[in-house]
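Q: generate a structure from the sequence data that follows.
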Amino acid sequence: ALWCGGLALFAGGDVVNLFGLNMAAQSLLEALGSVQFVSNMVFSVMLLGERLKRRHVASTFLIVLGNVLIVAWGDHKSQKMTLSLVTRLVESKVFLTYLAVVYSIAFALGVTEYLSRH
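A: The predicted model follows:
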């Protein structure tokens, strides 16, 4: 019964998000979607009786801080994207360098985690 309410709330949130995309820049709305992790923490304590750890509180603080920074200094304009523009952006050296760095870090973290467990 409780999960039905959660599912309905989640679906309703997606519908509201869809309408919100017509009123604000996607760069703002998608970043604010991380607030779900804050609500997960609050509800896990209230509904499941889980105990908070210091890292949970610190992570939540960083999420809130990041959202404040995005809202304060983020791009507030919606940009019309064409396929050719997206293709140019994806093929740019900056984006490819970003991908290489992110995937390298993720791989290194994965290997470190694997080695620490074996």
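
Q: now do the strands in the chain.
A: Along the chain, no stretch is classed among the strands by DSSP state E.

Q: which of the helices and strands in it ranks last by mean pLDDT?
A: helix 26-32 (a mean of 75; mean pLDDT, DSSP states H and E).

Q: and the residue nearest the centre of this structure?
A: Per CA atoms, centre = their mean, the C-alpha nearest to the average position across the chain is that of residue 34, at 4.1 Å.

Q: contact partners for the nearest residue in space to that one that is not next to it in sequence?
A: The shortest distance from residue 34 to any residue that is not its chain neighbour, by CB to CB, 6 or more residues apart in numbering, is 5.2 Å, and that residue is residue 63. Every C-beta, even on glycine, is put in place using the N, C-alpha and C of the backbone. Applying CB atoms under 8 Å, 6 or more residues apart in numbering, we find residue 63 in contact with 34, 35, 37, 38.

Q: quick check: residue 13 vs residue 7, distance?
A: In this view, residue 13 and residue 7 are 11 Å apart by CB to CB, to the nearest Å.
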